[in-house]
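Chemist: below: sequence and its predicted model.
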Amino acid sequence: MSDILIGNGTVVPLDTESQLIEHGAVLVHESRIAAIGADSALRQHYPAAQYVDADGGLIMPGFLCTHTHFYGAFARGMAIPGDAPRNFPEILERLWWRLDKQLTLEDTRASAEIFMADAIRHGTTCVVDHHASPHAIDGSLDVIADVVEQAGIRACLAYEVSDRDGSAVIEAGIHENERFIRSLRAQRHQQAEEGRIAASYGLHASFTLSPATLERCAAGGAELGVGFHIHVAEDSSDENDSLARYGQRVAERLEANAILGPRSIAAHCVHVNSGEIGRLAATRTHSVHNPRSNMNNAVGRAPVEEMLLAGVNVGLGNDGFSMNMMQEMKTAYLMHKLVLGDPRVMPGDLVLQMAFQHNARIINGVFSPFSPDFPQVGALKVGAAADLVLLDYLPPTPLSSGNFPWHLIFGMDGQHVNSTMVAGRWLMRNRQLLTVDEARIHARARELSQALWQRL
Ligand SMILES: [Zn+2]
């Protein structure tokens, strides 16, 4: 593979040590970035490289998403019979837990494929997924891994173990996580070694996990050397359940059961109190903020700045919303200001820090057990992953490293992404998807989703 020199663009490294480069260029050697600098200098130094013209647009790192559910794609436009759900437990029971029970392996494949096209279109290059299909568990993570490999993005997969569907389903969920993690480890799995596929141990949430199940999963995860991916205090009902049944708040219960730790992801944390924030920080557990989902489910505002101040690494996910992560960033930027009645909170640079640096830390934590040489993501620098996007955004006001976050929040969006590269390979060029057939995927998914809606 010859080197690729992407030039004639404004390079936005999003790396704390480097500034934005106008008339800049990025040299890609195999799967990594080999040089960054002035376009003219790099063209002179690397005359043999294949030159790609960014047409005066932006060259920046690919977007990252550290909590999502590929399985939710068929819910788009789906009607829920009867009155609208009044609260979060009703949303789970009447929407998500009815949908996931109907998923076959074929539905799981089509659902993941929808997310691949969506991710590549919007420049999202690495995703952490959390899967549920309680009546088609065996092999479900292989099906998703296959879809991810064909699409060419990076993804960390997990199956959400839960007690809600009885003992056979608990066993199958535990087995699927452990079998998949072992398979990535055992056979010198090429995609895993290259840092394209990883796994964490999936758990649904405290309120659907008995002490016996938690104990088994904790032992399994420890033996396999991976962290856990679990919903934490998404709704007040999770805290109320844990207090009533175990006399502990959710994060305390999870810490006591050895679920927290530096490779574990606590999604949401909307209702954690200061004591729990302290436990998350002390165990170096990551938290993931999903503002669109939290607003949609009306569960509340996560204490994001309080967690950050206490030293918790908080990233940004989408909880199954569209893979246009700029929409998630804009929502994070707006929601805290409204709820707290304070325009100073959640400034643009903090939002970008969560979306890039903090998400990169989470991704490094979950990928490194499988890929010891896992490259830096979320920043353009020498040695980092060649995971980047080109955008045809022409700033109408001066653009600098300092004000880039506010350009993104007020002027840019997913449709500005025209090209997406992961590990040195183009997945989209000039808005043409190169690894997935979007028309075929959507046609097949329309058939399968209609059939699933009829089964409900
Ligand atoms: Zn979720």
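Modeler: Nice, I can see it.
Chemist: need the contact partners of the strand or helix carrying Asn359.
Modeler: Using DSSP states H and E, Asn359 falls within helix 359-367. With contacts defined as C-beta atoms under 8 Å, 6 or more residues apart in numbering, helix 359-367 is touched by 64-66, 126, 128, 154, 156, 195, 198-200, 226-227, 229, 262-263, 265, 286, 288, 313, 315-316, 374, 376-379. Quick note: C-beta positions are derived from backbone N, CA and C, even for glycine.
Chemist: try it again with 7 Å
Modeler: Residues from elsewhere that reach helix 359-367 (C-beta atoms under 7 Å, 6 or more residues apart in numbering): 64, 66, 126, 128, 156, 195, 198, 200, 227, 262-263, 265, 286, 313, 315-316, 374, 376-379.
Chemist: CA atoms only: put that helix into PDB for me.
Modeler: Provided in PDB are the C-alpha atoms of helix 359-367 (Å, rounded to 0.1, in the frame of the first residue of the first chain):
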ATOM      1  CA  ASN A 359     -13.700   8.900  24.700                       C
ATOM      2  CA  ALA A 360     -10.200   8.000  23.500                       C
ATOM      3  CA  ARG A 361      -9.200   7.000  27.000                       C
ATOM      4  CA  ILE A 362     -12.300   4.700  27.300                       C
ATOM      5  CA  ILE A 363     -11.500   3.200  23.900                       C
ATOM      6  CA  ASN A 364      -7.900   2.600  24.900                       C
ATOM      7  CA  GLY A 365      -9.100   0.900  28.100                       C
ATOM      8  CA  VAL A 366     -11.400  -1.600  26.200                       C
ATOM      9  CA  PHE A 367      -9.200  -2.300  23.200                       C
END
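Chemist: need the phi and psi values for the closest residue to Arg301 other than its chain neighbours.
Modeler: With C-beta to C-beta, 6 or more residues apart in numbering as the criterion, Arg301 has its nearest non-adjacent residue at 4.5 Å, and that residue is Val339. When read as degrees, to the nearest 10, the backbone of Val339 gives phi -60, psi -40.
Chemist: can you read off the pLDDT for Val339?
Modeler: Listed pLDDT for Val339 reads 98.
Chemist: where's it relative to Ala332, distance?
Modeler: According to C-beta to C-beta, to the nearest Å, Val339 and Ala332 sit 12 Å apart.
Chemist: got it, and Glu215?
Modeler: Distance from Glu215 to Ala332, by C-beta to C-beta: 35 Å.
Chemist: and for Val127?
Modeler: Distance from Val127 to Ala332, by C-beta to C-beta: 17 Å.
Chemist: equivalent analysis for Val128, please.
Modeler: Distance from Val128 to Ala332, by C-beta to C-beta: 17 Å.
Chemist: neighbour count winner among these two?
Modeler: Val128 (28 against 25; other C-beta atoms under 10 Å).
Chemist: give me the beta-bridge partners of the more buried one?
Modeler: Cys156 (DSSP bridges).
Chemist: can you pull the contacts of it?
Modeler: Residues near Val128 by C-beta under 7 Å, 6+ apart: 65-68, 156, 229, 265, 362, 366.
Chemist: Gly139: which of the residues you listed is nearest?
Modeler: Checking the contacts of Val128 against Gly139 by C-beta to C-beta gives Cys156 as the nearest, at 18.0 Å.
Chemist: tell me how many other residues surround Ala117.
Modeler: Ala117 has 21 nearby residues by other C-beta under 10 Å.
Chemist: just the element for it, please.
Modeler: helix 105-121.
Chemist: please apply the same query to Met60.
Modeler: Assigned by DSSP H and E, Met60 falls in strand 58-61.
Chemist: quick check: next helix or strand after that strand?
Modeler: Sequence order places strand 63-68 as the next helix or strand after strand 58-61, per DSSP H and E.
Chemist: do you know the pLDDT at Glu193?
Modeler: Model confidence at Glu193, given as pLDDT, is 84.
Chemist: so the nearest residue to it once chain neighbours are set aside: helix, strand or coil?
Modeler: Sequence neighbours aside, Ser371 is the residue nearest to Glu193 in space, at 5.8 Å (criterion: C-beta to C-beta, 6+ apart). Classification of Ser371 using DSSP: H, G, I helix; E, B strand; the rest coil returns coil.
Chemist: and for Ser371, the neighbour number?
Modeler: 20.
Chemist: distance of it from Glu149?
Modeler: When distance is defined by C-beta to C-beta, Ser371 is 14 Å away from Glu149.
Chemist: what comes up buried for the lowest-mean-pLDDT helix or strand in the chain?
Modeler: Ranked by mean pLDDT, DSSP states H and E, the weakest helix or strand in the chain is helix 190-193, scoring a mean of 86. By neighbour count on 16 or more other C-beta atoms under 10 Å, the buried set for helix 190-193 is 191-193.
Chemist: I'd like the next helix or strand past that helix.
Modeler: Note on helix 190-193: by DSSP H and E, the next helix or strand toward the C-terminus is strand 197-199.
Chemist: quick one: buried ones out of the contacts of helix 359-367?
Modeler: By 16+ other C-beta under 10 Å, these give 64, 66, 126, 128, 156, 195, 198, 200, 227, 263, 265, 286, 313, 315-316, 374, 376-379 as buried.
Chemist: please save the CA atoms from the lengthiest helix in the chain in CSV.
Modeler: If you go by DSSP state H, the chain has its longest helix at helix 167-186. Listed next in CSV are the C-alpha coordinates belonging to helix 167-186 (Å, rounded to 0.1, in the frame of the first residue of the first chain):
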residue,chain,number,x,y,z
SER,A,167,-32.2,-18.7,33.9
ALA,A,168,-31.6,-20.1,30.4
VAL,A,169,-31.2,-16.6,29.0
ILE,A,170,-28.9,-15.6,31.8
GLU,A,171,-26.7,-18.6,31.0
ALA,A,172,-26.7,-17.9,27.3
GLY,A,173,-25.7,-14.2,27.9
ILE,A,174,-22.8,-15.2,30.1
HIS,A,175,-21.7,-17.8,27.6
GLU,A,176,-21.9,-15.4,24.7
ASN,A,177,-19.7,-12.8,26.4
GLU,A,178,-17.1,-15.3,27.6
ARG,A,179,-17.1,-17.3,24.3
PHE,A,180,-16.6,-14.2,22.2
ILE,A,181,-13.9,-12.7,24.4
ARG,A,182,-12.0,-16.0,24.3
SER,A,183,-12.4,-16.3,20.6
LEU,A,184,-10.8,-12.8,20.1
ARG,A,185,-8.0,-13.8,22.4
ALA,A,186,-7.3,-17.4,21.4
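Chemist: who are the packing partners of it?
Modeler: Contacts defined by 3 or more C-beta pairs under 7 Å, 6 or more residues apart in numbering; DSSP states H and E place helix 167-186 against helix 140-151, strand 197-199, helix 211-224.
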